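**Student:** Generate coordinates for the sequence data below:
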Amino acid sequence: MKIPFSPPYINDSVKNEVMDSLESGWITTGPKVKKLESQIAALTKAPQVLCVNSWTSGAILMLKWFGVQPDDEVILPAYTYSATALAVIHAHAKPVMVDVNEDFNISLKAIEKAITNKTKAIIPVDIAGWPCDYPEINQLVIHKKGLFKPDNEIQEMLGRILVISDAAHSIGAAYEGKQTGVLTDVTIFSLHAVKNVTTAEGGAICLNMPAPFDNEELYNTLRCYSLNGQTKDAFTKSKAGAWSYDIIFPGLKINMPDVLAAIGIGQMEEYICKTLPERIRIFEAYNEYLSQREWAILPKYKSNKKQSSCHIYALRVSGINEEQRDQIITLISTYDVAVNVHFKPLPLLSLFKEMGYSIADFPISYKQYSNEISLPIYPQLTDEEITYIVKAVCESVEQVLYAQEKL
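**Tutor:** Take a look at the predicted model:
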């Protein structure tokens, strides 16, 4: 039995939407993108949603819009994918890394200690689809308003640190009944190939800025920014007599094309009623099997406040180190089961080491990483395959643990 880690879920609805786009004669940004934006807005209740070509470009866009400068600081967790920090670097600001909690998510206490008068934004990350403690983070930035030093009109309007949720993993997750998408000023989903909802490559920015901001007006501004600062998109320009346009911003070229949005439309039609429940089924099955093992530290799917999107099943193995974890993964691979690790903390990566970040400053991040193994979780998995995956994992873990006991 051969089990890949995260193949895309392509159903008939996806195929039909893509063919409809191809046959329409229009494959770049147009009506399909608007429909996907509407679907995500309907799910999240976000006032406005802008689709772009990746999570990373969406984050760069929002930081540039907010006007961050080279001396400005943006707080983010050391435990995240590199894109979180790279977006800050590309926006010409400084990433300020802090440690995480035992649930992998950013530590509120660490954020509070890191805030200075140079802090312009905070980017909490919903690791594995588990929402961060957003009410507390939102209260913290209000409490720290006195430290905030605005440098432009937009920053003066907000009057505090901007909170951008890195919800790359968490479309469909919720905090106290509210969907990710409306828990912070801005939320950005990833629609990459391995995500719960995909457009092959893509991202979606949920705008939830408080008054006096007008989210519809902001959507129109950002849409223009995402199209090279052009006042008309190609779809509008293609209409008879509508060729004239202007360039009013030094924009980016990060729009999502219709042919990719079509994939997302097909997936969104079944996400809440079918594919998300299937992920929950698999998550709960893993928990049921693995709860019988003393060495298994199980991830949460639900609490009295939070509900995960079940994007990643982040198993942790008690009592092992990084080398033993890698040995276990090698053994699991002999069963033809693909597993993964989410993530290497940023200070372990060469780029960030060279910038002066040290993993010694983030002990919980390293502890979580060193014994984490991500198991396959996607709707196509059968009960037989889940049983086989658990067998491969348990036998591999126990082989390493047994060898350790013999030493």
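**Student:** Against Glu136, how distant is Glu176?
**Tutor:** 12 Å (C-beta to C-beta, to the nearest Å). In short, each C-beta sits where N, CA and C put it, glycine included.
**Student:** do Arg281 as well
**Tutor:** 31 Å.
**Student:** Neighbour count: the two, which is higher?
**Tutor:** Using other C-beta atoms under 10 Å as the criterion, Arg281 and Glu136 rank with Arg281 on top: 16 against 11.
**Student:** domain assignment for the chain?
**Tutor:** Split into domains by automatic domain parsing, the chain comes to 12-262, 273-406.
**Student:** got the end-to-end distance for the longest one?
**Tutor:** One end of domain 12-262 to the other measures 12 Å (C-alpha to C-alpha, to the nearest Å).
**Student:** Quick one: distance of that domain to the chain centre.
**Tutor:** Between the centre of domain 12-262 and the centre of its chain there are 10 Å (C-alpha atoms, centre = their mean, to the nearest Å).
**Student:** now do the shortest one
**Tutor:** Mean-position distance between domain 273-406 and its chain equals 18 Å (C-alpha atoms, centre = their mean).
**Student:** Now that Leu61 has come up, it's in contact with Phe249, right?
**Tutor:** No. Using C-beta atoms under 8 Å, Leu61 is not in contact with Phe249, being 10.8 Å away.
**Student:** who touches both of these two?
**Tutor:** Taking C-beta atoms under 8 Å, 6 or more residues apart in numbering as the contact rule, Leu61 and Phe249 both touch Tyr225.
**Student:** before we move on, back to that, quick one: which of the domains of the chain is nearest Lys2?
**Tutor:** Among the domains of the chain, the nearest to Lys2 by C-beta to C-beta is domain 273-406 (4.3 Å).
**Student:** Rounded mean pLDDT for that closest one, please.
**Tutor:** Domain 273-406 shows a mean pLDDT of 97.
**Student:** pLDDT on whatever helix or strand Ala41 lives in, on average?
**Tutor:** Ala41 belongs to helix 31-44 when assigned by DSSP states H and E. Helix 31-44 shows a mean pLDDT of 98 in the predicted model.
**Student:** Equivalent analysis for stretch 228-241, please.
**Tutor:** In this model, stretch 228-241 has a mean pLDDT of 68.
**Student:** Spatially nearest residue to Pro70, not counting backbone neighbours?
**Tutor:** Closest residue to Pro70 apart from its sequence neighbours, by C-beta to C-beta, 6 or more residues apart in numbering: His92 at 5.1 Å.
**Student:** Next up, the contacts around that neighbour.
**Tutor:** With contacts defined as C-beta under 8 Å, 6+ apart, His92 is in contact with Val68, Gln69, Pro70.
**Student:** who's in contact with the second one?
**Tutor:** Meaning Gln69. His92, Ala93, Asp151.
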